[in-house]
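In: Mind folding the following:
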Amino acid sequence: MLGKHTDWFGLMENTENKIWDEKVLPFELRISDCRGRIVRLDQTVNDILAQHDYPKQVESLISEMVIITALLGSMVESKWKLSLQVQTDGPVRMIATDYFAPAELNAPASIRAYASYDRTRITDGKPFDQLGKGYFAVLIDEGKGTKPYQALAPLEGASIAEAAEGYFAASEQIATKLIVEHGETYMKDKGTQWRAAGMLLQHLPKSLKSEGRNADSEAAQRDHAQRKDEDWNRVNHLLNTVESLELIGPFVAPAELVWRLFHEEEPAVYEPREVQFGCTCSEERVRQSLSIYGVKDIEKMTTEDGKVTADCQFCNRHFELDPSTVGLEAQ
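Out: Sure thing, here's the model as predicted:
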């Protein structure tokens, strides 16, 4: 549920000097029966990239993936987890992201990401050229006692965003448009930093039944389908007019941008949702993952220094454990 929407006049007052980053702003377009999200994640993206020394092309791909994850993740229920993956046979073998919805009301969501790649195969080409043939995967975990939802779509198009659109068209039958902008900028107090932002738009048209019309009438069905196409084409045309600087620049507040683009569509915005970098790794989780191994397996994992070590791929945290305290026999 989106909740109560915000009054436009109150929202537009005193937007100067506001901090707009690290938030997802939900909105809907009531004329065209569309819902959307707009997100800016500068600090979050930079925090994620700071965990590893990635090549610039890989940083660009991760930035795009993080924005897509935040846009999609903000639509899952509280306490749920959304995971996205891109797996390919190219220089960048995998990009994985996790979005953890807030466990408590008004708490921020957390997001993490990492990439696996072959540095020797990275070229000077475009970031998307570093991905080969592969797939785009979506997994939603609703928690204990539930079976995770998983779906795959071919990694097709000219960007990860286009592959995500393909997933929604094939797996969800929901018309979806994603625009992602990201790039490096120089700031006097912080040096070179990444800026990243994006918008998502989905068409969720009302059924003939909900409109109180005869769903069995062929004429009504044709008229309904035509209006759906007209609505979707119209809002897509409006969305395509957005400029990169409007999304990632500091001058236009997200709510103001929604109004600029869609003021004729009766837009309504809702409470923004905060997002931050966060990792769930811990010594307890490492011990749990090792609990399935016997003594011989633990011996093979033990280093010359007499430790069992583990590294978190997301946040690069390093763990060292006493081998006598892990594994099946330690339980």
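In: Does Asp124 belong to a helix, a strand or coil?
Out: coil (DSSP: H, G, I helix; E, B strand; the rest coil).
In: where do the helices sit along the stretch 201-331 of the chain?
Out: Taking DSSP state H, counting those that start in this stretch as the test, the helices found in the stretch 201-331 of the chain are 218-239, 244-248, 254-262, 283-290, 295-301.
In: any idea which of those is most buried?
Out: Highest mean neighbour count among the helices of the stretch 201-331 of the chain (mean count of other CB atoms under 10 Å): helix 254-262, with a mean of 21. For glycine as for every other residue, the C-beta is placed from the backbone atoms N, C-alpha and C.
In: one step back: is it possible to get TSV of the helices of the stretch 201-331 of the chain that adds mean pLDDT and distance to Ser63?
Out: Shown next, in TSV, are these (pLDDT from 0 to 100; distance: least, CB to CB, whole Å):
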stretch	mean pLDDT	distance to Ser63
helix 218-239	79	20
helix 244-248	92	10
helix 254-262	95	18
helix 283-290	86	27
helix 295-301	84	34
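In: Can I get those in JSON lines including distance to Gln51?
Out: Output for the helices of the stretch 201-331 of the chain, formatted as JSON lines (distance: least, CB to CB, whole Å):
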{"stretch": "helix 218-239", "distance to Gln51": "33"}
{"stretch": "helix 244-248", "distance to Gln51": "22"}
{"stretch": "helix 254-262", "distance to Gln51": "27"}
{"stretch": "helix 283-290", "distance to Gln51": "17"}
{"stretch": "helix 295-301", "distance to Gln51": "23"}
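In: quick check: angle from the helix or strand where Val24 lies to helix 254-262?
Out: Using DSSP states H and E, Val24 maps to strand 23-29. Angle of strand 23-29 versus helix 254-262, following axes from the mean of the first three to the mean of the last three CA atoms, to 10 degrees, is 30 degrees.
In: For strand 23-29, which residues meet the burial criterion?
Out: Neighbour-count burial for strand 23-29 flags 23-29 (criterion: 16 or more other CB atoms under 10 Å).
In: ok so, going back, closest one to Glu320 among the helices of the stretch 201-331 of the chain?
Out: Among these, the nearest to Glu320 by CB to CB is helix 283-290 (9.5 Å).
In: and Thr97, what pLDDT?
Out: Per-residue confidence (pLDDT) for Thr97: 97.
In: give me the number of residues near it?
Out: As a burial measure, Thr97 scores 25 neighbours (other CB atoms under 10 Å).
In: Past the helix or strand hosting it, which element shows up next along the chain?
Out: Thr97 is part of strand 92-100 when elements are defined by DSSP H and E. Toward the C-terminus, strand 92-100 is succeeded by strand 109-117 as the next helix or strand (DSSP H and E).
In: Now that following strand: buried residues?
Out: Quick answer for strand 109-117 (16+ other CB under 10 Å): 109-115, 117.
In: same check, this time on stretch 166-184
Out: For stretch 166-184, by 16+ other CB under 10 Å, it's 166-168, 175-182.
In: Turn those into CSV, including secondary structure and distance to Gly125.
Out: What follows is the buried residues of stretch 166-184, written out as CSV (DSSP: H, G, I helix; E, B strand; the rest coil; distance: CB to CB, whole Å):
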residue, secondary structure, distance to Gly125
Gly166, helix, 22
Tyr167, helix, 24
Phe168, helix, 28
Ala175, strand, 31
Thr176, strand, 27
Lys177, strand, 26
Leu178, strand, 22
Ile179, strand, 22
Val180, strand, 19
Glu181, strand, 20
His182, strand, 17
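In: Which members of these are the farthest-apart pair?
Out: Going by CB to CB, the pair spanning these furthest: Ala175 and His182, at 24.1 Å.
In: Figure out the helix or strand that the most centrally placed residue in the chain lives in.
Out: Nearest to the geometric centre of the chain sits Thr69, at 0.8 Å (CA atoms, centre = their mean). Remark: Thr69 resides in helix 56-73, with elements defined by DSSP H and E.
In: Downstream of that helix, the next helix or strand is which one?
Out: Per DSSP H and E, the helix or strand that comes after helix 56-73 is strand 81-88.
In: strands paired with that next one, and their directions?
Out: strand 92-100 (antiparallel), strand 134-141 (antiparallel) (DSSP bridges).
In: CA atoms of the longest one as PDB?
Out: Yep, that's strand 92-100 we're talking about. Taking C-alpha atoms only, strand 92-100 is exported to PDB below (Å, rounded to 0.1, in the frame of the first residue of the first chain):
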ATOM      1  CA  VAL A  92      31.800  -9.400 -15.700                       C
ATOM      2  CA  ARG A  93      30.600 -12.800 -14.700                       C
ATOM      3  CA  MET A  94      28.000 -11.800 -12.100                       C
ATOM      4  CA  ILE A  95      26.500  -8.800 -10.400                       C
ATOM      5  CA  ALA A  96      24.400  -9.500  -7.300                       C
ATOM      6  CA  THR A  97      22.300  -7.200  -5.200                       C
ATOM      7  CA  ASP A  98      20.100  -7.600  -2.200                       C
ATOM      8  CA  TYR A  99      17.400  -5.200  -0.900                       C
ATOM      9  CA  PHE A 100      16.200  -5.700   2.700                       C
END
